[in-house]
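S.K.: model the following, please.
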Amino acid sequence: MKRFWYSILYLAAVSALSNGAAVFSRRRFRPDQFPFRPYAFERQGRFYEKLGIRKWKDRLPDMSRLLRFLPRKAVRSRSAEQARLLVQETCLAETVHLWLIVLAAPVLFIWPGWRGGVLWAVYALGNVPFIMIQRYNRPRLLRLAGTLERAEARTLEHA
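M.R.: Next up, the predicted model:
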């Protein structure tokens, strides 16, 4: 039972420390390059729609709502720049959730055997829906950014 609690404390610490990722620059992420560019099987998000993502994505917890120091992901203004920032945010969030899965692996050593494996698998699978949400939203936000950029360019032409 002691190993269970050590494992839980470790996972809680890893999760809490991941909130420190809010300080990293989002600008270094390239949504058009691996691993962030859309894969062919995703078909610009239609793959995730077949999995019912529209029904469940807004029901999952959003840490930026719970922890006030994290940046809010909602669009503050309808500008291409804001949409591009949200795209960068999806890259950061996807990276954090992937690293959470990797950094949870020491649970297999803290609590060796099948029980530690089950705990790691549950924790890892708990991060997968958040990765899916980022991968679903990114192409949509990129399309929005493109639309807003064209609209802003037309506005500047007519000014």
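S.K.: for residue 129, which non-adjacent residue is closest in space?
M.R.: residue 60 (6.1 Å; Cβ to Cβ, 6 or more residues apart in numbering). Yep, even glycine has a C-beta here, placed from its N, CA and C like the rest.
S.K.: and the one you found, what is it in contact with?
M.R.: Neighbouring residues of residue 60 by Cβ atoms under 8 Å, 6 or more residues apart in numbering: 129, 130, 133.
S.K.: list the contacts of the last one.
M.R.: Think residue 133. 53, 57, 60.
S.K.: which ones among the residues you listed map onto helices?
M.R.: residue 53 (DSSP state H).
S.K.: and of the contacts of residue 133, the nearest to residue 80?
M.R.: Minimum distance to residue 80 across the contacts of residue 133 is 23.6 Å, recorded for residue 57 (Cβ to Cβ).
S.K.: burial count for that closest one?
M.R.: Neighbour count of residue 57, defined by other Cβ atoms under 10 Å: 15.
S.K.: give the helix, strand or coil label for the residue lying closest to it once chain neighbours are set aside.
M.R.: Counting by Cβ to Cβ, 6+ apart, residue 133 is the residue found nearest to residue 57 once chain neighbours are left out, at 5.0 Å. Under DSSP: H, G, I helix; E, B strand; the rest coil, residue 133 falls in the helix class.
S.K.: show me the helices in this structure, by range?
M.R.: 2-18, 46-50, 53-56, 63-66, 80-103, 107-110, 114-158.
S.K.: residue 36 is nearest to which of those helices?
M.R.: With distances scored as Cβ to Cβ, the stretch of those nearest to residue 36 is helix 80-103 (5.0 Å).
S.K.: cool, thanks, talk later.
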